[in-house]
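Asker: give me a model of this one.
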Amino acid sequence: MKIGILGSGNMGSILAKYLINLGHEVIISNSRGPASLADVSAKTGTTAGTAEEAAAAQDLVIIAVPEKAIPSLPVQILSTSQAIIVHSGNYYPSRDGSNTAIENGLTDSEWVAKVIRHPVIKAFNNIVAGSLASKARPQGSRERISLSVAGDDLKAKRFIMRLIDEIGFDALDAGVIASSWRQQPGEPAYCHDLDKQNLIIALEKADINKRAENRALADELARPYL
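Answerer: The predicted structure is shown next:
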């Protein structure tokens, strides 16, 4: 596959390495331009490119940037893309500023889809970078962590779930994109390295009436690290 990754931080770089190891062609980009990506490219085997080049990847585009950077992405290219687009980020008000649309009820990924004018699959956001980098396991392993995947396009969602399995994690269908708040910061399914059965339980425990409270608590806890 030809894959573009928008964002060269921990999450983008880790996913890039996995995808290269699986034999895919990967272009990685950031806001500073290809010249700043020499080290990342050397470590991962990816091609350093512009955001426009990454957004134009024909099979898969992964958005791995903070929410505050979403409006700066090449929306004209993303909006007409034929690729599956994955949103792997999370909204943290202390980093991203207050987002009225999300505060009023949209999930992070619903808002992203509106901004880029293209449907997205929510994936890779309910695991910390360290676990993503070090805890991939063969299929059937008792220690295999599960990642939740939400989206409205069942075919695209199943495609991403198969890719997650190839990387080394169990994938769990977490429903439509409107339900992806259940895997966002502060919820029981967020960043606890759960196996599939316990991830199912965690998603079921999510209480929409506590969504704003849980997000605020997660934001406060994360503030020193953002």
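
Asker: following the helix or strand hosting Ile77, which helix or strand comes up?
Answerer: Using DSSP states H and E, Ile77 maps to helix 75-79. The helix or strand immediately downstream of helix 75-79 is strand 84-87, counting by DSSP H and E.

Asker: just the CA atoms of that following strand, as CSV, please.
Answerer: Output of strand 84-87 as CSV, limited to C-alpha atoms (Å, rounded to 0.1, in the frame of the first residue of the first chain):
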residue,chain,number,x,y,z
ILE,A,84,-9.1,5.6,3.9
ILE,A,85,-8.3,8.3,6.4
VAL,A,86,-7.6,7.4,10.0
HIS,A,87,-7.7,10.0,12.9
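
Asker: how far out from the middle of the chain is that strand?
Answerer: Computed by C-alpha atoms, centre = their mean, to the nearest Å, the chain-centroid distance of strand 84-87 equals 8 Å.

Asker: before we move on, what about stretch 200-207?
Answerer: On C-alpha atoms, centre = their mean, the centre of stretch 200-207 falls 20 Å from that of its chain.

Asker: now stretch 149-162
Answerer: 13 Å.

Asker: equivalent analysis for stretch 195-208, please.
Answerer: Centre-to-centre, stretch 195-208 and its host chain are 19 Å apart (C-alpha atoms, centre = their mean).

Asker: what average pLDDT does it get?
Answerer: The pLDDT scores in stretch 195-208 average 98.

Asker: what comes up buried for that stretch?
Answerer: Judged by neighbour count using 16 or more other C-beta atoms under 10 Å, the buried positions of stretch 195-208 are 196, 199-200, 202-203, 206. Glycine gets a C-beta too; all of them are placed from N, C-alpha and C.

Asker: for stretch 157-165, same thing?
Answerer: Within stretch 157-165, the residues that qualify as buried are 157, 159-161, 163-164, counting by 16+ other C-beta under 10 Å.

Asker: ok, stretch 35-45 next?
Answerer: Buried-residue list, stretch 35-45, by 16+ other C-beta under 10 Å: 37, 40-41, 44.

Asker: for this structure, which segments count as strands?
Answerer: Applying DSSP state E to the chain gives strands spanning 2-6, 25-29, 47-48, 60-63, 84-87, 121-122, 146-149, 170-173.

Asker: want to throw the ones you listed into a markdown table with mean neighbour count and distance to Val128?
Answerer: Shown next, in a markdown table, are the strands of the chain (neighbours: other C-beta atoms under 10 Å; distance: least, C-beta to C-beta, whole Å):
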| stretch | mean neighbour count | distance to Val128 |
| --- | --- | --- |
| strand 2-6 | 26 | 18 |
| strand 25-29 | 25 | 20 |
| strand 47-48 | 20 | 25 |
| strand 60-63 | 26 | 17 |
| strand 84-87 | 26 | 17 |
| strand 121-122 | 30 | 16 |
| strand 146-149 | 26 | 12 |
| strand 170-173 | 20 | 17 |
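
Asker: and these: which comes nearest Leu73?
Answerer: Among those, the nearest to Leu73 by C-beta to C-beta is strand 2-6 (6.1 Å).

Asker: parallel or antiparallel, list what pairs with the closest one.
Answerer: strand 25-29 (parallel), strand 60-63 (parallel) (DSSP bridges).

Asker: could you dump the ones you listed into TSV and include mean pLDDT?
Answerer: Output for these, formatted as TSV (pLDDT from 0 to 100):
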stretch	mean pLDDT
strand 25-29	98
strand 60-63	98
